[in-house]
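Asks: Output the structure for:
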Amino acid sequence: MTTDRIVRTFVEYFEDRGHRRITGSTLLPPPGDPVLFTTSGMHPLTPYLEGRPHPLGRRLVNVQRCLRTTDLDEVGDRTHLTVFEMLGSWSLGDYEGPQSLDWGYGLLTEGFGIDPGRLHVTVFGGDDRTGPDTGSLDLWQQRGLPVELTVEDNWWSNGPTGPCGPDSEIFLWTGDTPPESTPTRDGRWVEIWNHVMMRHRRLDDGSLVPLPQRNVDTGLGLERLASLLQGGRSVFECDVFDPWRRLLPPLWPLDEPSLRLVCDHLRSAVVVIGDGVRPSNTGRGYVLRRLVRRVLTVLRRDDPSRGLGDLPGELVRHTLDRFRQDVDPELVRQVLLEEERGFVRLLERGRQVLSRPRFRGPLGEEDFRYLHDTHGLPRDLVRGLRLE
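Replies: Okay, here's the model as predicted:
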């Protein structure tokens, strides 16, 4: 099942159940939002989850591109990407959590053909503020799926304050043996779909108050699901990465973790540039700068002659098309090359600074602060230069 077919199957399934498809936003939140990037499908819908009527009604479905810097250091494992697409469905004060879970179970087992025997779910078990999620628990017991009760792992929030609530997560077994253990105890259980019963708002003092309406917000990572349905061993083996895995290894021979990082960070950088961000030393621009510099550090580690000028234009065009961005690929390429030139100049300056007697021994926190504040040398770059 191709990624495009997965999207069509998902959207049509919910449209058949009264949902209206909405257009996903860019990675950039609206002005005034303190978050740098859109991190989830619900982010652009926050006003409607808090009670504002949505012009298309109470049942919605969409595909939203997201960026998560919290997972940056995990990129290269089997399941994490920096920029990815999220399939989402919403009930804005309409149906409740058990109905959403029942539809989710039907889509996974009938629409996508997943064996129910390879599924496991987790449910919020309750704490001193909120009771257990008995509605979700009852539904899963009726469907005959194994359930694990947790507390922190099944409470969803988008930050220290704002909408939140219990969630139920659906996991797929990826091991070579029959399913065993539980999701919190065995990493072969991979989360594929989260259903959040968004009923509360957390205030500044940590207390919970009811939202004006009881919502359901679900999120399913497209690339992760595609890799599992297509038999891949990681998200980097789903069809959206086929051009990357075909073109990059002959150009830049890399070990598998390094190849994954380069594919992810370059793909993410193209999408971020396509949404209008340019490299800088602060905010969104620094995230982009960090992505590009991490790529260059990996590429130049074994061969200093490697550079982004060799990046195949096909990969830039493929990524822009995948994320529906009407941007000139040559513009993206020029932004990447200019950032590379600046990085090379920074490396040269960094080597000169670190050659001073003061920095020949072990470096402390005061040294790292001085190198960053005075010479613009980030900690990870300093560490890389010290290993040369």
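
Asks: What residues are bridge-paired with S89?
Replies: Counting by DSSP bridges, S89 is bridged to V61, T218.

Asks: my read: it touches V61, true?
Replies: Yes: counting by CB atoms under 8 Å, V61 is a contact partner of S89 at 4.9 Å. From N, CA and C alone the C-beta is placed, and that goes for glycine too.

Asks: Where does the residue nearest to G51 when sequence neighbours are not counted sit: helix, strand or coil?
Replies: Of all residues not flanking G51 in the chain, P212 sits nearest, at 3.6 Å (CB to CB, 6 or more residues apart in numbering). Using DSSP: H, G, I helix; E, B strand; the rest coil, the structure places P212 in strand.

Asks: tell me the pLDDT at D373?
Replies: Reported pLDDT at D373 in the predicted model: 84.

Asks: which of the residues in the helix or strand hosting it are buried?
Replies: Using DSSP states H and E, the element containing D373 is helix 365-375. Counting neighbours by 16 or more other CB atoms under 10 Å, one finds that the buried residues in helix 365-375 are D367, Y370, L371.

Asks: What is the least confident helix or strand in the chain?
Replies: Counting by mean pLDDT, DSSP states H and E, the chain has its least confident helix or strand at helix 379-386, which shows a mean of 79.

Asks: Send over that helix as CSV, restricted to the C-alpha atoms.
Replies: Taking C-alpha atoms only, helix 379-386 is exported to CSV below (Å, rounded to 0.1, in the frame of the first residue of the first chain):
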residue,chain,number,x,y,z
ARG,A,379,28.9,23.5,21.7
ASP,A,380,28.3,20.6,19.2
LEU,A,381,30.5,22.3,16.6
VAL,A,382,33.3,22.8,19.2
ARG,A,383,33.1,19.2,20.2
GLY,A,384,33.3,18.1,16.5
LEU,A,385,36.4,20.3,15.9
ARG,A,386,38.1,18.9,19.0
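
Asks: Of all the residues in it, which ones are buried?
Replies: L381, V382, G384, L385.

Asks: farthest pair in those residues?
Replies: Using CB to CB, the pair of the buried residues of helix 379-386 lying farthest apart is V382 and G384, separated by 7.3 Å.

Asks: Next, count neighbours for the residue lying closest to P44 once chain neighbours are set aside.
Replies: Closest residue to P44 apart from its sequence neighbours, by CB to CB, 6+ apart: S25 at 4.5 Å. By other CB atoms under 10 Å, 17 other residues sit near S25.

Asks: for R278, same thing?
Replies: R278 has 13 neighbours, counted by other CB under 10 Å.

Asks: How about E314?
Replies: By other CB under 10 Å, 13 other residues sit near E314.

Asks: How much space separates it from P362?
Replies: 46 Å (CB to CB, to the nearest Å).

Asks: repeat for V235
Replies: For V235, the distance to P362 - CB to CB - is 38 Å.

Asks: Of these two, which one has the most company?
Replies: Neighbour comparison, V235 and P362: the larger count goes to V235, with 26 against 7 (by other CB under 10 Å).

Asks: Contacts only, for the more buried one.
Replies: R78, T79, H80, L81, F84, G221, E223, R224, S227, F241 (CB atoms under 8 Å, 6 or more residues apart in numbering).

Asks: my read is the fifth one is in a helix, agree?
Replies: In this case it means F84. No: counting by three-state DSSP, F84 is not part of a helix but strand.

Asks: wait, isn't it in contact with V63?
Replies: No: with contact defined as CB under 8 Å, F84 does not reach V63; the gap is 10.7 Å.

Asks: Common neighbours of those two, please.
Replies: L222.

Asks: The two - which one has more neighbours?
Replies: Taking other CB under 10 Å, F84 and V63 do not tie; F84 has more neighbours (22 against 19).

Asks: which stretches of the stretch 1-150 of the chain form strands?
Replies: Under the criterion DSSP state E, counting those that start in this stretch, the stretch 1-150 of the chain carries strands at the ranges 20-21, 59-67, 83-92, 119-124, 147-150.

Asks: and G342, how many residues sit next to it?
Replies: G342: 14 surrounding residues under other CB under 10 Å.

Asks: Just the element for it, please.
Replies: Going by DSSP H and E, G342 is in helix 329-354.

Asks: from the middle of its chain, how far away would that helix be?
Replies: Chain-centre distance of helix 329-354: 26 Å, with CA atoms, centre = their mean, to the nearest Å.

Asks: what's the answer for stretch 335-355, then?
Replies: Centroid displacement of stretch 335-355 relative to its chain, using CA atoms, centre = their mean, is 29 Å.

Asks: Give me the contacts around that stretch.
Replies: Contacts for stretch 335-355 (CB under 8 Å, 6+ apart): 269, 273, 278-279, 288-289, 292-293, 296, 307-309, 311, 359, 371, 375-377, 381-382, 385-386, 388.

Asks: if we go to 6 Å?
Replies: I273, P279, V292, R293, L296, L308, H375, L377, L385 (CB atoms under 6 Å, 6 or more residues apart in numbering).

Asks: can you pull the buried residues of it?
Replies: Of the residues in stretch 335-355, V335, L336, E339, E340, F343, L346, L347, G350, V353, L354 count as buried by neighbour count, 16+ other CB under 10 Å.

Asks: what distance separates the start and the end of stretch 103-113?
Replies: 14 Å (CA to CA, to the nearest Å).

Asks: just stretch 18-38 next, same as before
Replies: End-to-end distance of stretch 18-38 (CA to CA): 26 Å.

Asks: Please point out which parts of it sit buried.
Replies: H19, I22, G24, S25, T26, L27, L28, P29, L36, F37, T38.

Asks: Among those residues, pick out the one closest to V123, please.
Replies: When these are compared against V123 (criterion: CB to CB), the nearest one is H19, at 24.0 Å.

Asks: Would you confirm that the closest one contacts V61?
Replies: Yes: using CB atoms under 6 Å, H19 is in contact with V61, at 4.2 Å.
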